[in-house]
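Peer 1: Got a predicted structure plus its sequence, pasted below:
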Amino acid sequence: MPTLRLCLAWCALLLAPLAAALELRPQAIAPDTWMLEADTGYFTPQNGGFLVNTAFIATDEGVVVIGSGPSRQFGERYRKLIEDTTGKRVLEVIITHKHPDHFLGNQAFRDVPIRADAKTTAMIKAEGEGLAENLYRLVGDGMRGTEALAPTAPLNVGVRTIGGHRLEFIAVPGHTQSDIAVFDHTTGVLFAIDQVFNQRTPTLPNADLAQWRQSLAQLAAVPFKLLVPGHGPVSRDAAPIAATRDYLDWLDATLRDAAERGLAPTEVMLLPIPERFAHWGEARAEWRRSIGFMYGRYERAALPWLSPAR
């Protein structure tokens, strides 16, 4: 839908500052390893849709990039920053799952392998244009020129040594239908992607809570030295994993109880958020969005007569 995108982008140009003003600052977090810590709010023209932490590892063969970002503009700036920071060429890009802030910068890396597992690649091919369209509406001018370029190369789970770095790609579904975490055995850095949030409320549009909690247990068992969450600051311990699990447990129990009591979605949205989560980024907004995404499942389980007749 290029015509609609063009109209949306021009409207946003009149209403919002350029996302190019967003400053990208790489943090050196381990030998050969940098990350960019993203905004913990929601998609806006001001943040250019940059809500997810991205990272890159400078190996002897070239740079492995984890996540391409939310737009073509971001990807182009990000690639230049990577090359200026490391003095090395980009070797490949890893797309860990299907959410748009992780892969819509792919156009800036189209000359190198863009890797994702088969299920994520298929979902991006099927859903990518719609996901991009939604970000055009939210981010506006920062999305100019962005199209949903699908991954171009396979990503297999297991260990692969790249330029002196022993990287393990770990299947950890739950946040979406297919998610891949990356553990660098050489430096001890675990890129936990969006399975782990730190001081930012989890997003759940495609969540399977049972799978997610199993994956968190799997990540907690990894012998990491440094944890890079999908959102929020890095950590040297597993506290963000435990906090994410605590939030999912509370959300599950609260929605189940609300459904059993017959509360309407509007009533559930007004329920209190525990103090330990209330200060997290987007706490109330994500709670409301989660009800929209998930509450119907709980109502159907508690009130089976709501389900369509078979």
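Peer 2: Structure received.

Peer 1: Can you pull out the low-pLDDT segments for this protein?
Peer 2: Within the chain, the stretches with pLDDT under 70 are 1-21, 305-310.

Peer 1: Over to Ala259: give its phi and psi.
Peer 2: Torsion angles at Ala259 (phi, psi; degrees, to the nearest 10) stand at phi -60, psi -40.

Peer 1: Contacts only, for it.
Peer 2: Tyr295, Tyr298, Glu299, Ala301, Ala302, Leu303 (C-beta atoms under 8 Å, 6 or more residues apart in numbering). Quick note: C-beta positions are derived from backbone N, CA and C, even for glycine.

Peer 1: Now list the buried members of these.
Peer 2: Buried members of the contacts of Ala259, scored by 16 or more other C-beta atoms under 10 Å, are Tyr295, Tyr298, Glu299, Ala302.

Peer 1: quick one: the strands in the stretch 201-310 of the chain?
Peer 2: 226-231 (DSSP state E, counting those that start in this stretch).

Peer 1: Report how many residues lie close to Arg256.
Peer 2: 14 (other C-beta atoms under 10 Å).

Peer 1: isn't it right up against Arg297?
Peer 2: No: using C-beta atoms under 8 Å, Arg256 makes no contact with Arg297, being 9.9 Å away.

Peer 1: Could you count how many residues lie near the closest residue to Ala108 other than its chain neighbours?
Peer 2: Sequence neighbours aside, Gly75 is the residue nearest to Ala108 in space, at 3.1 Å (criterion: C-beta to C-beta, 6 or more residues apart in numbering). Number of residues near Gly75 (other C-beta under 10 Å) recorded here: 26.

Peer 1: my guess is Gly75 meets Gln107, correct?
Peer 2: Yes: contact criterion C-beta under 8 Å: Gly75 and Gln107 qualify, at 6.2 Å.

Peer 1: How about Tyr298, nearest residue that isn't a chain neighbour?
Peer 2: Ala259 (3.8 Å).

Peer 1: likewise Leu131?
Peer 2: Nearest residue to Leu131, sequence neighbours excluded (C-beta to C-beta, 6+ apart): Pro100, at 4.0 Å.

Peer 1: What are the contacting residues of the helix or strand containing Val159?
Peer 2: For Val159, the element it lies in under DSSP states H and E is strand 158-162. Counting contacts by C-beta under 8 Å, 6+ apart, the residues outside strand 158-162 that touch it are Thr59, Glu61, Val64, Leu91, Arg166, Leu167, Glu168, Phe169, His185.

Peer 1: Which two among these are spaced furthest apart?
Peer 2: Leu91 and His185 (18.0 Å; C-beta to C-beta).

Peer 1: if you count what's nearby, which of those two comes out ahead?
Peer 2: Leu91 (19 against 16).

Peer 1: Can I take it that the more buried one is in a strand?
Peer 2: Yes: according to DSSP: H, G, I helix; E, B strand; the rest coil, Leu91 belongs to a strand.

Peer 1: what sits against it?
Peer 2: For Leu91, the contacting residues are Thr59, Glu61, Gly62, Val63, Val64, Val112, Ile162, Gly163, by C-beta under 8 Å, 6+ apart.
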